[in-house]
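Asks: Mind folding the following:
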Amino acid sequence: MSIKKLSVYTLATLVLLSACSQKNNKVSEETVIGSGLVPDREMVDFGEVEMGEILSRRVKLKNESGKEVHITEVKTSCECTQPMVSVSDIAAGETATVEVMLDTHGLIGRQYHKVTLRTDADTYEIVVLAEIK
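Replies: As a prediction, the model looks like this:
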């Protein structure tokens, strides 16, 4: 291999490594800034309950991203779980509330469900647990 070809390959490798390094630095900066909402809890455990009860708990979501976060989608893993979000646009530093309701009619035994919140910044999951007698 000639010296010219070796120099071109070396230069191309250095450019690629530099680009990868810059990309990784950008991700690190975004991680330090924060990607959005911080829940006061990631799990709602209703404990042992009787079948037929409708249960409810609130989860607070604080926006620590430094910019407005928009909730784009809220979905559940089961129709028995219903989330209600207080607002869909959460300003920097503000807090929103998600009321998580579990309808235990027709359910029995250990229950594990999820509420998924998608935002323009990230995706969050709230685990919902109950032992239904």
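
Asks: Where does pLDDT dip in this protein?
Replies: By pLDDT under 70, the low-scoring segments of the chain are 1-35.

Asks: That one: strands as residue ranges?
Replies: Remark: strands assigned in the chain by DSSP state E are 37-39, 43-49, 54-63, 69-76, 81-85, 89-90, 95-103, 109-119, 123-132.

Asks: Would you reformat these as CSV and include mean neighbour count?
Replies: Placement of C-beta: from N, CA and C, glycine included. Shown next, in CSV, are those (neighbours: other Cβ atoms under 10 Å):
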stretch, mean neighbour count
strand 37-39, 17
strand 43-49, 14
strand 54-63, 17
strand 69-76, 16
strand 81-85, 16
strand 89-90, 18
strand 95-103, 18
strand 109-119, 16
strand 123-132, 18
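
Asks: Around residue 120, count how many other residues there are.
Replies: Residue 120: 13 surrounding residues under other Cβ atoms under 10 Å.

Asks: How about it: what's its closest non-neighbour residue?
Replies: residue 70 (4.8 Å; Cβ to Cβ, 6 or more residues apart in numbering).

Asks: isn't that neighbour right next to residue 89, touching?
Replies: Yes: the pair residue 70 / residue 89 is scored as a contact, 5.3 Å apart, by Cβ atoms under 8 Å.
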